[in-house]
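Undergrad: What would the 3D arrangement of this be:
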Amino acid sequence: MLDLVLFAVFPYVAVILAVLVGISRYYSDRFSYSSQSSQFLENRLLFWGSVPWHYTILVILLAHLIAFLFPAQWAGLIGEPVRLYVLEVTGLVLALTTVASFALLLYRRLRNVRTLVVTSGMDWVLLAVLFAQVVLGFWVALFYRWGAEWFLHTAAPWLVSLLTLNPQVQFVTALPLVVKLHMLGGFLIIALFPFTRLVHVIAFPITYLWRPYQVVVWNRRPARGQSG
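TA: Modelled structure (predicted):
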C-alpha cells in the first residue's frame with residue numbers, strides 16, 4: 001500500500017501542486033518569479049560553486065531525459081561495453097562535481113550574514129532536499145553500477161506508465177531503498193519548487209530583448225582617496 005501511495009499517487013500530487021501553485025503565484029505575485037540574486041553580496045565563491053553546479057546538473061538531467069525519451073537509441077549507445085564504461089565513469093565524475101559545487105554554494109550562503117537575510121525558510125527546505133538529492137545521486141552512481149542500463153528497465157517504464165495514467169509500480173518497488181529515495185526526491189523537488197525561488201527557472205526573460213538598458217548607480221559616496 002505504501003509503495004502505491006509513493007510511486008502511483010505522490011508523483012501526480014507533486015505535479016498538480018507545482019502547476020496550480022506556480023500559476024497562482026505568477027498571477028498574484030509575479031515579481032517573486034526571481035532568483036533574488038545575491039551576486040552583489042559575494043561573488044568569488046558564487047562563481048566557483050554556481051558555474052560547475054549549473055553545467056553538471058544540466059548535463060545529468062539531459063542524460064536522464066534522453067534515456068527516457070529515446071530508450072532504443074540509448075540502448076544502442078550503451079550496447080558497446082567501452083561506451084557503457086565511459087558513460088559510467090563520466091556520470092560518477094559529474095555526480096561528484098554536483099555534490100562538491102553544491103556544498104560550496106551552501107558554505108557560501110551559511111558563512112555570509114547578508115545571504116542569510118535573503119534566504120527564506122522554504123528556500124532552506126529546498127536547499128536541504130536538493131543537497132540530499134545530489135548526494136543520493138552520487139551514492140547511486142558509486143554503489144549501484146551500470147545505472148545507464150538498468151534505468152531503461154526500471155525508472156523509464158515507470159515514468160512512461162505515469163505519463164499514460166496507468167502507474168506500474170512493480171518496475172521500481174524492488175529497487176534498493178537509496179535508488180527509490182532518489183526517484184521520489186525528484187518529485188519532491190517538483191512539489192516544492194513553486195514555493196521557493198527555484199520557480200524562476202520557468203520564467204524565461206524574453207522581455208530583455210526589447211527592454212531598455214538599466215544603469216546601476218551606487219547611492220554611496222566613495223571613501224576619500226578612492227575614485228568614483
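
Undergrad: which secondary element of the chain has the worst mean pLDDT?
TA: helix 113-117 (a mean of 61; mean pLDDT, DSSP states H and E).

Undergrad: Scan the protein for its longest helix.
TA: Counting residues, the longest helix found in the chain (DSSP state H) is helix 81-111.

Undergrad: Provide the count of other residues in contact range of the residue nearest to residue 92 when sequence neighbours are not counted.
TA: Nearest residue to residue 92, sequence neighbours excluded (CB to CB, 6 or more residues apart in numbering): residue 141, at 4.8 Å. Yep, even glycine has a C-beta here, placed from its N, CA and C like the rest. By the criterion of other CB atoms under 10 Å, residue 141 has 22 neighbours.

Undergrad: Residue 53 now?
TA: Neighbours of residue 53 (other CB under 10 Å): 21.

Undergrad: I'd like to know which elements whichever strand or helix holds it is packed against.
TA: Assigned by DSSP states H and E, residue 53 falls within helix 44-69. Helix 44-69 sits against helix 71-77, helix 81-111, helix 155-163, with contacts defined as 3 or more CB pairs under 8 Å, 6 or more residues apart in numbering; DSSP states H and E.

Undergrad: which residues of the protein score low on pLDDT?
TA: 29-48, 112-119, 198-228 (pLDDT under 70).

Undergrad: Mind doing that once more with 80?
TA: 25-50, 108-121, 196-228 (pLDDT under 80).

Undergrad: picking that back up, list the contacts of the residue nearest to residue 92.
TA: 88, 91, 92, 95, 147 (CB atoms under 8 Å, 6 or more residues apart in numbering).

Undergrad: Between which two of these is the distance greatest?
TA: 88 and 95 (10.8 Å; CB to CB).

Undergrad: So which of the two has more stuff around it?
TA: Of the pair residue 88 and residue 95, residue 95 is the one with more neighbours under other CB under 10 Å, namely 23 against 17.
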